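Trainee: Pasted the sequence and its predicted model underneath.
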Amino acid sequence: MLKRFATAFIIIPPFLLLLYAGPSYILCIMVSITVILGLYEFYAMTLPESGVGEKIGGIVLGTILCVLFQWAPSGAIILFLGIILIALFLGHAFFSEKLSVVPHRIGITFLGIIYVPFLLSHVILINKLPQGVFWVLLLLSTVWVGDTFALLFGSWWGRHKLSPQISPHKTIEGFFACFVGAILAVFAFRALFLPEVTVVDALAVGTGIALFGQLGDLSESMIKRGAKVKDSGGLIPGHGGMLDRLDSFLFAASFLYYFLVYKMFPGVS
């Protein structure tokens with residue numbers, strides 16, 4: 001646990017400085033780099049027997065998708081998802097030697113693109129909203145505080161398993177502690193930077209981020225159990241792989257963006 005906190009304190013401050021003080025596209029660059037690493041780990045777990053070219057193709061398409069989230073309208077993003085699917089079918093039609101595995105590989109490759117770059121790139125969309133950088137920082141701090149509360153309280157007082165088959169170490173006590181930490185983080189951030197946010201909206205944001213963050217955590221744990229690995233990788237000391245750090249953000253970022261668009265900033269997208 002000490003290694004986890006030490007790594008976080010080394011990585012987080014320069015990241016936050018770049019995000020707050022850098023140009024708007026710096027977040028797109030950071031998300032793209034994160035997506036490359038996350039997709040590499042995802043395909044290493046789920047497509048261990050696939051060739052390097054197939055994995056690189058999925059990573060390249062996913063990275064292009066991130067760039068479209070920064071510069072292109074939503075219609076172009078939807079169009080590109082269709083192009084990705086067509087490209088996967090064509091690629092396998094001309095280069096696959098074993099047709100019996102084609103549906104599986106196309107499905108997993110496309111799932112990886114939806115699961116990592118599509119979901120995570122909603123952070124880019126959040127950053128483009130009014131006061132977007134503060135909402136991105138709120139998302140980061142809320143997920144981190146919620147995860148920390150779940151880890152600490154689950155380790156100290158956790159007695160009842162949440163889902164033993166998927167994640168034997170997660171507890172119901174830690175699950176509810178995450179909500180407490182996330183809501184406290186949102187209210188603290190609201191008091192410092194976003195005083196115009198109502199109490200009801202702050203509660204909804206904290207609750208939603210906690211719920212969808214833990215759903216993302218459980219989803220990645222399910223993928224790892226299916227792949228029979230403990231961590232998605234060993235990139236970050238004390239934390240595992242990049243995907244192990246992304247899991248809570250994937251669904252939470254999507255939730256926060258659509259909540260903001262439809263509740264806080266209707267008509268803005």
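Mentor: Arrived safely, thanks for sending. Only a predicted model underlies this, so the values are computations on that prediction, with no experimental measurement involved.

Trainee: Run the chain-centre distance for stretch 80-96.
Mentor: Between the centre of stretch 80-96 and the centre of its host chain there is 25 Å, according to CA atoms, centre = their mean, to the nearest Å.

Trainee: Counting neighbours, which bits of that stretch end up buried?
Mentor: Judged by neighbour count using 16 or more other CB atoms under 10 Å, the buried positions of stretch 80-96 are 80-81, 84, 88, 91-92. Every residue, glycine included, has its C-beta placed from N, CA and C.

Trainee: helices or strands next to the biggest strand by length in the chain in the packing?
Mentor: Within the chain, and with DSSP state E defining each element, the longest strand by residue count is strand 167-171. Contacts of strand 167-171 with other secondary structure elements, assessed using 3 or more CB pairs under 8 Å, 6 or more residues apart in numbering; DSSP states H and E, are made with helix 132-157, strand 161-163, helix 199-227.

Trainee: one step back: I'd like the buried residues of stretch 80-96 as CSV, with secondary structure and pLDDT appended.
Mentor: Shown next, in CSV, are the buried residues of stretch 80-96 (DSSP: H, G, I helix; E, B strand; the rest coil; pLDDT from 0 to 100):
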residue, secondary structure, pLDDT
80, helix, 97
81, helix, 96
84, helix, 96
88, helix, 93
91, helix, 88
92, helix, 83
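
Trainee: ok, the residues you listed vs residue 50, which is closest?
Mentor: Of all the buried residues of stretch 80-96, residue 50 sits closest to residue 92, with 10.6 Å by CB to CB.

Trainee: SS state for the nearest residue to residue 92 once chain neighbours are set aside?
Mentor: Leaving aside its chain neighbours, residue 92 sits nearest to residue 102 (4.8 Å; criterion: CB to CB, 6 or more residues apart in numbering). At residue 102, secondary structure determined by DSSP: H, G, I helix; E, B strand; the rest coil is helix.

Trainee: May I ask you to confirm that residue 227 is in contact with residue 45?
Mentor: Yes - counting by CB atoms under 8 Å, residue 227 touches residue 45, with 3.9 Å between them.

Trainee: between the two, which one's more packed in?
Mentor: For residue 227 and residue 45, the more surrounded residue by other CB atoms under 10 Å is residue 45, and the numbers stand at 22 against 14.

Trainee: got the contact list for the more buried one?
Mentor: Under the criterion of CB atoms under 8 Å, 6 or more residues apart in numbering, the contact list for residue 45 reads 223-224, 227, 229, 232.

Trainee: Same list, those, but as TSV with pLDDT and distance to residue 215 please.
Mentor: Supplementary listing: the contacts of residue 45 in TSV, determined by pLDDT from 0 to 100; distance: CB to CB, whole Å:
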residue	pLDDT	distance to residue 215
223	94	13
224	92	15
227	89	19
229	87	20
232	82	17
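
Trainee: Of those - the most surrounded one?
Mentor: residue 232 (25 neighbours).

Trainee: In which helix or strand does that one reside?
Mentor: With the criterion set as DSSP states H and E, no secondary-structure element contains residue 232; it sits in neither a helix nor a strand.

Trainee: cool, residue 230 as well?
Mentor: Using DSSP H and E, residue 230 is not contained in any helix or strand.

Trainee: Next, count neighbours for it.
Mentor: Around residue 230 there are 8 residues (other CB under 10 Å).

Trainee: what's the nearest residue to it if we skip its chain neighbours?
Mentor: Closest residue to residue 230 apart from its sequence neighbours, by CB to CB, 6+ apart: residue 224 at 7.0 Å.

Trainee: Okay, that neighbour and residue 128: tell me how far apart.
Mentor: Taking CB to CB, to the nearest Å as the measure, residue 224 falls 32 Å from residue 128.
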